[in-house]
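Trainee: Here's my sequence, what's the structure:
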Amino acid sequence: MSHLPALDAARYVSFTTFRRDGRPVPTAVWIVRHDDGYAFTTELASGKVRRLAHTARATLRVCDARGRVADGAATWECVARVVTGDEAERVRGAIARKYGIGYLLFAAWWWVLERLGRGDDGPETAVVLTLA
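Mentor: Numbers count the residues shown, from 1 in each chain. All right, here's what the predicted structure looks like:
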């Protein structure tokens, strides 16, 4: 699968997973190229990961930081899989490189939340996407 310029250039994408009853749940995420697809980081206990446990089906649409998708924006179907360990670390490194200071600020905020007992200090987790 070749990479798509719209996804490569996107600062945010709306990643949509599906509940057991089929209802969509969109979430704005940072995205990077990863191997032959795309990926983003998340928490192992996140709703996205829980929903992916029963269906790997997901969609991507370019959006803004608040998750708003422009009228007529393209939708890409994808298959998602959750990874941890070295592969998730590679995704985190790619996110850090692409998002630079924004990532550093986010990481600092997350570090503070973890110290206050409000963040998830579980294993590094990422979602890897293969476009359909």
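Trainee: make it CA atoms for all contacts and neighbour counts henceforth
Mentor: Noted.
Trainee: just the strands in this structure please.
Mentor: Under the criterion DSSP state E, the chain carries strands at the ranges 12-18, 24-29, 32-34, 37-42, 57-63, 76-84, 125-131.
Trainee: which one of these lies closest to residue 70?
Mentor: Nearest of those to residue 70, taken as CA to CA: strand 57-63 at 6.8 Å.
Trainee: how about the strands of the chain in JSON lines, adding mean neighbour count?
Mentor: Conversion of these to JSON lines gives the following (neighbours: other CA atoms under 10 Å):
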{"stretch": "strand 12-18", "mean neighbour count": "23"}
{"stretch": "strand 24-29", "mean neighbour count": "18"}
{"stretch": "strand 32-34", "mean neighbour count": "21"}
{"stretch": "strand 37-42", "mean neighbour count": "22"}
{"stretch": "strand 57-63", "mean neighbour count": "22"}
{"stretch": "strand 76-84", "mean neighbour count": "18"}
{"stretch": "strand 125-131", "mean neighbour count": "22"}
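Trainee: what residue is smack in the middle of the chain?
Mentor: Taking CA atoms, centre = their mean, the centroid of the chain lies closest to residue 40, which sits 3.4 Å from it.
Trainee: Hmm, residue 91 and that residue touching each other?
Mentor: Yes - between residue 40 and residue 91 there is a contact at 6.5 Å, judged by CA atoms under 8 Å.
Trainee: Now for the two: what residues contact both?
Mentor: Residues touching both residue 40 and residue 91 (CA atoms under 8 Å, 6 or more residues apart in numbering) are 32, 126.
Trainee: how close does the residue nearest to residue 129 when sequence neighbours are not counted sit to residue 58?
Mentor: The shortest distance from residue 129 to any residue other than its chain neighbours is 4.6 Å, reached at residue 80 (CA to CA, 6 or more residues apart in numbering). From residue 80 over to residue 58 the distance is 7 Å, taken as CA to CA, to the nearest Å.
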